[in-house]
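Visitor: Coordinates only, no sequence provided:
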């Protein structure tokens, strides 16, 4: 549970891996007052500066001296009053023109973890509380600066691993989902208001003249929501990458292939069959496309209980995959296990790699075509031969350059998808009620159900527990 919204909070807003500069963010009604106690400038105090200005000064530990807060930094240094922790730049942003719509102070200090911790400790001594993960963004949401879809886009933007993901996140952050959802909700609310008024005053409000426009509104909303649902797959591919499973029997070169495509020795490679017993997952970019590679255990008959678990996971990943790379050892004759795998990939977008073409080749493309019509590429994990052809083929299978991030909505998480589906189903019920010429009461029940579902998508009808769950997924300091 998030703590009080009236608290002044602070956290490190930059990566914790070290760097030249770190940023400590403070937000709350008393952000200026509480931060002023650890800052010293050459002339004015922090409270005397104008909003959206940057100032050079020092963080000073005054805990061991008498109160001399009226002194400038030069006076502190001259009198030896207090300990200078770091020289800093301080950015002041007064409410409501800040990320959280509260007073916000950002201290840019040197990137040492020790320096950051000392500054945070001083803030805590002055009554500031450590922010919980996502608490700054939650405050931006609760204070009306952004809606829930925009809040989720903040995290998507931070985690973007491809240009597509970046553009989609920026589009959502700019409010493309919010504007469309509010348009549909406003239309629903207007129609409900008219129907309710007509039921109360049938002498002056005629449902007959309203019906045609009402039917058009319902059809428009259904089509818009249907398009969002259909775009979900592209949204998921944009955000999470193409889920790409690598399968094959043991010792065909799956781990060597993974290392080759990543350009690093990520997987253990030996000539002992069954070295990989569990899935190994890595992301790799092919131009603007992100692949989420899943290297699996070799699929074969075994009595080893550990291998059996790995093989089951391999099969489960194959069922869920967007794309499958089946690796066949081209230097050995096709086995029954190979033939079964060729049949298994029939329902999955796949490619067959004839690996080890640097050795004497015993399997030809025509041998593979007897069992599958999938694309076959001659490959060598050792030399990299065939890698360019494979990458080009995958890009062709998931060609996303035609996507528009200006007018298309790509919902990118399951929560949003379920909200849209729920609203879509409710509006389908309205359409069915219209076709059956049922009473107006049936219309309003389903219309309000759709209205509530869409409200949960942007956070206008959301319980506290779900909100806490969503924001706890955010990183510290955001």
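Guide: Alright, I've got the coordinates. This one's a predicted model, so the numbers in the text were calculated from it and none came from an experiment.
Visitor: quick one: the strands in the stretch 251-400 of the chain?
Guide: In the stretch 251-400 of the chain, the strands defined using DSSP state E, counting those that start in this stretch lie at 280-286, 289-295, 323-329, 350-355, 375-378.
Visitor: Any chance of CSV for those strands, columns mean neighbour count, mean pLDDT and distance to residue 312?
Guide: Placement of C-beta: from N, CA and C, glycine included. What follows is the strands of the stretch 251-400 of the chain, written out as CSV (neighbours: other CB atoms under 10 Å; pLDDT from 0 to 100; distance: least, CB to CB, whole Å):
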stretch, mean neighbour count, mean pLDDT, distance to residue 312
strand 280-286, 15, 83, 16
strand 289-295, 23, 85, 14
strand 323-329, 25, 91, 16
strand 350-355, 25, 92, 20
strand 375-378, 19, 93, 27
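Visitor: could you redo those as CSV and give each row distance to residue 368?
Guide: Shown next, in CSV, are these (distance: least, CB to CB, whole Å):
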stretch, distance to residue 368
strand 280-286, 23
strand 289-295, 21
strand 323-329, 7
strand 350-355, 6
strand 375-378, 5
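Visitor: looking at the ones you listed, which is closest to residue 36?
Guide: Within the strands of the stretch 251-400 of the chain, the stretch nearest residue 36 is strand 280-286; the backing value is 44.0 Å (CB to CB).
Visitor: need the contact list for residue 13.
Guide: Residues counted as contacts of residue 13 (CB atoms under 8 Å, 6 or more residues apart in numbering) are 23, 24, 25, 106, 136, 477, 478.
Visitor: Can you list the low-confidence ranges for the stretch 201-350 of the chain?
Guide: Low-confidence segments of the stretch 201-350 of the chain, defined by pLDDT under 70: 202-207, 264-279, 297-311, 314.
Visitor: Isn't residue 325 up against residue 252?
Guide: No: using CB atoms under 8 Å, residue 325 is not in contact with residue 252; the gap is 11.2 Å.
Visitor: Find the residues that touch each one of those two.
Guide: Common neighbours of residue 325 and residue 252 (CB under 8 Å, 6+ apart) do not exist.
Visitor: So what's the residue count around the nearest residue to residue 380 once chain neighbours are set aside?
Guide: Leaving out its chain neighbours, the residue that sits closest to residue 380 by CB to CB, 6 or more residues apart in numbering is residue 358, at 4.5 Å. Using other CB atoms under 10 Å, residue 358 is surrounded by 14 other residues.
Visitor: what residue ranges in the stretch 1-150 of the chain score low on pLDDT?
Guide: Ranges of the stretch 1-150 of the chain meeting pLDDT under 70: 1-4, 16-18, 64-81.
Visitor: do the stretch 351-478 of the chain as well
Guide: Checking the stretch 351-478 of the chain against pLDDT under 70 turns up 400-407, 462-467, 472-477.
Visitor: run the last query once more with 90
Guide: Applying pLDDT under 90 to the stretch 351-478 of the chain picks out residues 356-363, 380-384, 386-388, 391-392, 394-415, 436-443, 458-478.
Visitor: can you give me the helices in it?
Guide: 365-369, 387-397, 414-435, 440-458, 464-471 (DSSP state H, counting those that start in this stretch).
Visitor: my guess is residue 108 contacts residue 86, does it?
Guide: No: Residue 108 is beyond contact range of residue 86, at 9.9 Å (criterion: CB under 8 Å).
Visitor: how far out from the middle of the chain is the helix or strand harbouring residue 119?
Guide: Take DSSP states H and E as the rule and residue 119 turns out to sit in helix 113-125. Remark: helix 113-125 is offset 30 Å from the chain centroid, using CA atoms, centre = their mean, to the nearest Å.
Visitor: Fine by me, thanks again.
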